[in-house]
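Peer 1: need a 3D model of the sequence below.
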Amino acid sequence: MARVSLVNEVDVEVIEKLCQRAFYQMEYQLPPRSFIYDSDHIKAVVLRGVKSPDHILTKYELDEEIIGFMAVGLTDFNFYSVGQKTAYEIVWHGDPMLSSMMQLRVQMALLKDMLERTKGCSFFGLTLDERYLGIAHLLHRSGFTGSTRAYIRRS
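Peer 2: Numbering: from 1, shown residues only. Presented below is the predicted three-dimensional model:
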């Protein structure tokens, strides 16, 4: 049975492994990002997010196996949206061990659930890697519109 629920401390190890697979699938180690994967850092960040009132971390489980993960930050530190709360996607993964169609299905289920959890927010920011712009129509169906483009410069 499939379900989306909040991440618990006991889920950290499994989620870290999923994030590692997604890191390499997304080629975050290559330019322009050139990130370095650090398992201990990811575990610490996930654990910190689980304990934080300013983050929501969810998992997608199928038959008690975690195959998706989403982390969202919450803030009211906004310059131009007076008195409004913003949700922003930090990470949003379907397990790369899944077929691309199933990965997308998992991610969309995570997003749908997260939109419910963040109903009190006026804005929800989501980033999409350029090579996955083909799924933009799915985001449009969920009420998203294109906004600004992010550029990365590494020194």
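Peer 1: list the contacts of the longest helix seen in the chain.
Peer 2: Of all segments of type helix in the chain, defined using DSSP state H, the longest is helix 100-117. Contacting residues not belonging to helix 100-117 are listed as 2, 4, 56, 58, 60, 67-70, 72, 87, 92-96, 98, 124, 126, 135, 138, 142-143 [Cβ atoms under 8 Å, 6 or more residues apart in numbering]. Glycine gets a C-beta too; all of them are placed from N, C-alpha and C.
Peer 1: show the buried residues in these.
Peer 2: 4, 56, 58, 60, 67-70, 72, 87, 92-95, 98, 124 (16 or more other Cβ atoms under 10 Å).
Peer 1: relative to residue 43, which of those residues is nearest.
Peer 2: The shortest gap between residue 43 and any of the buried ones among the contacts of helix 100-117 belongs to residue 69, at 12.8 Å (Cβ to Cβ).
Peer 1: which helix or strand contains the closest one?
Peer 2: Secondary structure assigned from DSSP states H and E places residue 69 in strand 65-75.
Peer 1: buried set for the longest helix of the chain?
Peer 2: 103, 105, 106, 107, 108, 109, 110, 111, 113, 114, 115, 117.
Peer 1: and what of stretch 45-57?
Peer 2: Judged by neighbour count (16+ other Cβ under 10 Å), stretch 45-57 contains these buried residues: 45, 46, 47, 49, 50, 55, 56, 57.
Peer 1: does the third one sit in a helix, a strand or a coil?
Peer 2: The three-state assignment at residue 47 reads helix, by DSSP: H, G, I helix; E, B strand; the rest coil.
Peer 1: pLDDT at it, what is it?
Peer 2: According to the predicted model, the pLDDT of residue 47 comes to 98.
Peer 1: and it, what does it touch?
Peer 2: With Cβ under 8 Å, 6+ apart as the criterion, the residues that contact residue 47 are 9, 12.
Peer 1: any idea how far it lies from residue 97?
Peer 2: Going from residue 47 to residue 97 by Cβ to Cβ, to the nearest Å gives 23 Å.
Peer 1: can you tell me the element the closest residue to residue 61 other than its chain neighbours falls in?
Peer 2: Spatially, and ignoring its direct neighbours in sequence, residue 61 is nearest to residue 3 (5.5 Å; Cβ to Cβ, 6 or more residues apart in numbering). Using DSSP H and E, residue 3 maps to strand 2-6.
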